[in-house]
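Student: Need the 3D shape of this:
(2 chains)
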2 protein chains.
Amino acid sequence: MRVRPRLALLLLPLILGAAAPAAAPSEYRATASALRDDAMKGTRAFEIVRSITTEVGPRSAGSPGEARAVEWGVRTMKALGFQNVRAEKVTVPHWDRGAESGEIVSPWPQPVHLAALGGSVGTPEGGIEAEVVQVPDVAALEKADPATVKGKIVFINKRMERRRDGSGYGEAVVGRGRGAAVGGKLGAAAVLIRSVGTDRNRTPHTGGTRYEENGPKIPTAALSNPDADLLENQLASGKPVVFRLKLGARLLDNAESANVIGEIPGREKPDEVVLLGCHLDSWDLGTGAVDDGAGCAIMMEAARRIGELKQHPRRTIRVVLFANEEFGLSGARGYAEAHAAELPKHILAGESDFGSGKVWRISSRVAPETLSAFDALAGLLAPIGVERGDNEAGGGADLIPMVPARVPVAGLSQDGTEYFDWHHTSNDTLDKIDPKDLDQNVAAWAALAYGVAEMQGDFGRAPEPTRAE
Amino acid sequence: MRVRPRLALLLLPLILGAAAPAAAPSEYRATASALRDDAMKGTRAFEIVRSITTEVGPRSAGSPGEARAVEWGVRTMKALGFQNVRAEKVTVPHWDRGAESGEIVSPWPQPVHLAALGGSVGTPEGGIEAEVVQVPDVAALEKADPATVKGKIVFINKRMERRRDGSGYGEAVVGRGRGAAVGGKLGAAAVLIRSVGTDRNRTPHTGGTRYEENGPKIPTAALSNPDADLLENQLASGKPVVFRLKLGARLLDNAESANVIGEIPGREKPDEVVLLGCHLDSWDLGTGAVDDGAGCAIMMEAARRIGELKQHPRRTIRVVLFANEEFGLSGARGYAEAHAAELPKHILAGESDFGSGKVWRISSRVAPETLSAFDALAGLLAPIGVERGDNEAGGGADLIPMVPARVPVAGLSQDGTEYFDWHHTSNDTLDKIDPKDLDQNVAAWAALAYGVAEMQGDFGRAPEPTRAE
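Tutor: Alright, predicted model coming up:
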């Protein structure tokens, strides 16, 4: 059911002669503002991240850690006062890293730090030993003469740039996603990439790689940035560089996992849903603090604070801890399928999955005729340093399967300056998080979610997305 | 032979009525200043560190890497134009890390990142599994009731403080040096320490531990700081925490290594020596960039620039790349023994072994009656941001065996704010070094060494040291 925003509200700024963004309607403004300001004084979000990183830690799809994460999600949501807490089963792939190592054999032997990319096949037990051929990026590899690559270990030496909006990631991650597929077709023995990360630590960045259907599958791994420098320096000598790679990675049988869901039921329209998402899984190397313990803590704490109000908002706030975002969006696809009939009543969805940095921008993807209503909500976040973005929000990977249902989306952009120092590494640990940054995220999501759940009218159906986020 | 500084020079400032530090005597001032200023414009020091980290890498005592480092030292010194280049054999212990791992078994199982401390014995093949007992520091462990420790894994959870002068190290390193010895006497099964380091990376800090003669030897390792946090957080639950430790560490047969030495022979008094030291070995985890590739590069480049002058200074400048500083000062002891007859003619010795940070202070340990001559030299460094310290310089670990001969010492304090982020970890790699910082170090040592080698008079014999440095 779709309710058009009341014409009077839309016209109110004009009537009042205001040029500024529409004022937040009085129906939710006071309470949303109070939620925002109270959260800025301190929340439980950091303690929630402490809990999941301490009591669960690594939780990649199909692993024992993931099973413990589901238990953690259910018991933590119940302890925080959520209602209708449940684990909705989904099937996930189960990739296991196994033991792995790499070394430069000649001209100057040295061990290196590397990590297989998620989904990589393993090497034969004795490893692969071959000469290294360096290329600057995947585009160059695609143009390479197969004769120069055949039987070699390709090294894609693309550096990621540090930027607040994390846009350096998209430029660099191509090598991780497609390097092995492209190299395999050219007859390469394996593909190494420079880590897709902005740090200078001996902590390689993993992340999913994708082979082509029926294409060759060759082993692929990321070198830490200092190790990529080392390989680059040895190659700069002009001498042939021989590398030995051993990966114990393998794909096991699919496993059972679950999306963990909890709700703050709406007082008037409990069937209308404001969805706050994050993902419960992490890569296997770290304890999943910034990716995505932080996001889950932010969303759980934002909803918990709304649930503690004397009066619940009109609509239901549903927090979804999605299973297996990292290695194929299993939970997100399962959710969209299981809740297909309900998606038309998903009034707005948002995901927090970009670490723990402060929110600096709020974007939307809502029916254009409802933009002034969204602007009013966005205005609530201005006092905590959040500017208004455009209406082309992606919103988060786990929201992608809801795109066909045109579920409206809010995207809160976080400061990603440091995020890619830790992302997908063993260094993704609790100490990387500033509790005050989490509080500001909670403040933003709590005010926004409350406003949407309480407001008259809705955001119609969203236009097609133009970008992922 | 000891020459008293000329009285006239000592009195010069008084004669001229100058209250400021004595002006650098004209005999070396112009050339020393030019060496200083030229080095500030750019040196080869960074390229020397690039060379040793790329072509050698890890080089712990007794390892194949150390043997390659000796070859590197000889060929590099020759290539840089040093004379009398030789490798003077010394015997070194050979400790090998082997495979190692650690995990929290309960209440919440998680793998951790740890590194055996240098010299640690290994565990039985299946590892040691025991409950963890936490203490804040070694002092607390010494007072512990043996009944609370017996059969347990002791966790010494002492944090190191970040300071420019690195003084937090001395306070924290006690646990690394003595923890296992103390714990062993109380019947502990093993000792874990929080890494002695200021970083928050998943890169544990190794470093030597010392058992007592005839005392018990129990395995000991350092957790990375994030892993120490994790263990601390699990312990904070109040539940018993069980840990499993597997160390493959063992002491192998002694090996042969060498101090690598090269000289810029003096034009008038070639038997009088100004010694510039560093250490050639590194711990096994990193590539030995800041510890002590940087120090060797600084000293080699400082001396090389002096050697390129149209006229060598009056005394000989001798660069010594000491073998095995990290695990027992083998090279330093060997040098002091082999060169015992020569030490009375060591006019001054200095060592660079505190990373790559800028020099901010120059201290001395010289005969008090020669202080004004040292002050004049120190004044040469004021324009590059170096203040005058006291006359109680330690000078560097490799200078300790020269203390009985009372060799005068210069100590150049480097900015150590970041040094202990990388020290003794896998993260000790080339990227941690700013070439401009190395240039400033080269400028300081080149000006100082030239001045000492060219000056009239000497610094007598040094007083007893009051501190190590």
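
Student: Now for the nearest residue to A:Leu343 once chain neighbours are set aside: which residues touch it?
Tutor: Leaving aside its chain neighbours, A:Leu343 sits nearest to A:Ala405 (3.7 Å; criterion: C-beta to C-beta, 6 or more residues apart in numbering or on different chains). Backbone N, C-alpha and C define where each C-beta goes, glycine included. Taking C-beta atoms under 8 Å, 6 or more residues apart in numbering or on different chains, we find A:Ala405 in contact with A:Ala336, A:Ala340, A:Leu343, A:Pro344, A:His346, A:Arg461.

Student: Tell me how far A:Ala405 lies from A:Glu125.
Tutor: For A:Ala405, the distance to A:Glu125 equals 48 Å [C-beta to C-beta, to the nearest Å].

Student: still on that earlier bit, taking the contacts of A:Ala405 one by one, which sit in strands?
Tutor: Cross-referencing these against strands under DSSP state E gives A:His346.

Student: What does the pLDDT read for the residue minimising distance to the centre of chain A?
Tutor: Centroid-nearest residue in chain A, with C-alpha atoms, centre = their mean: A:Asp353, separated by 3.6 Å. On the pLDDT scale, A:Asp353 is placed at 98.

Student: Please give me every residue in contact with it.
Tutor: Residues in contact with A:Asp353 (C-beta under 8 Å, 6+ apart) are A:Gly277, A:Cys278, A:His279, A:Asp291, A:Asp292, A:Gly295, A:Glu325, A:Gly396, A:Ala397, A:Asp398.

Student: Next, count neighbours for A:Gly177.
Tutor: The tally of other residues near A:Gly177 (other C-beta atoms under 10 Å in any protein chain shown) stands at 17.

Student: CA atoms only: put the host helix or strand of it into CSV for me.
Tutor: Element membership for A:Gly177 (DSSP states H and E) is helix A:174-185. Output of helix A:174-185 as CSV, limited to C-alpha atoms (Å, rounded to 0.1, in the frame of the first residue of the first chain):
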residue,chain,number,x,y,z
VAL,A,174,38.7,-5.0,-10.6
GLY,A,175,41.9,-6.9,-10.3
ARG,A,176,40.7,-8.8,-7.4
GLY,A,177,37.3,-9.7,-9.0
ARG,A,178,38.5,-10.4,-12.5
GLY,A,179,42.3,-10.9,-12.5
ALA,A,180,42.2,-14.7,-12.2
ALA,A,181,39.5,-15.1,-14.8
VAL,A,182,41.4,-12.9,-17.3
GLY,A,183,44.8,-14.4,-16.5
GLY,A,184,43.4,-18.0,-16.7
LYS,A,185,42.1,-17.4,-20.2
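
Student: which one of the contacts of A:Ala405 is nearest chain B?
Tutor: Using C-beta to the nearest C-beta, A:Ala336 is the member of the contacts of A:Ala405 that sits closest to chain B, with 32.1 Å.

Student: That closest one and A:Pro401 touch, don't they?
Tutor: Yes: with contact defined as C-beta atoms under 8 Å, A:Ala336 reaches A:Pro401; the gap is 3.6 Å.
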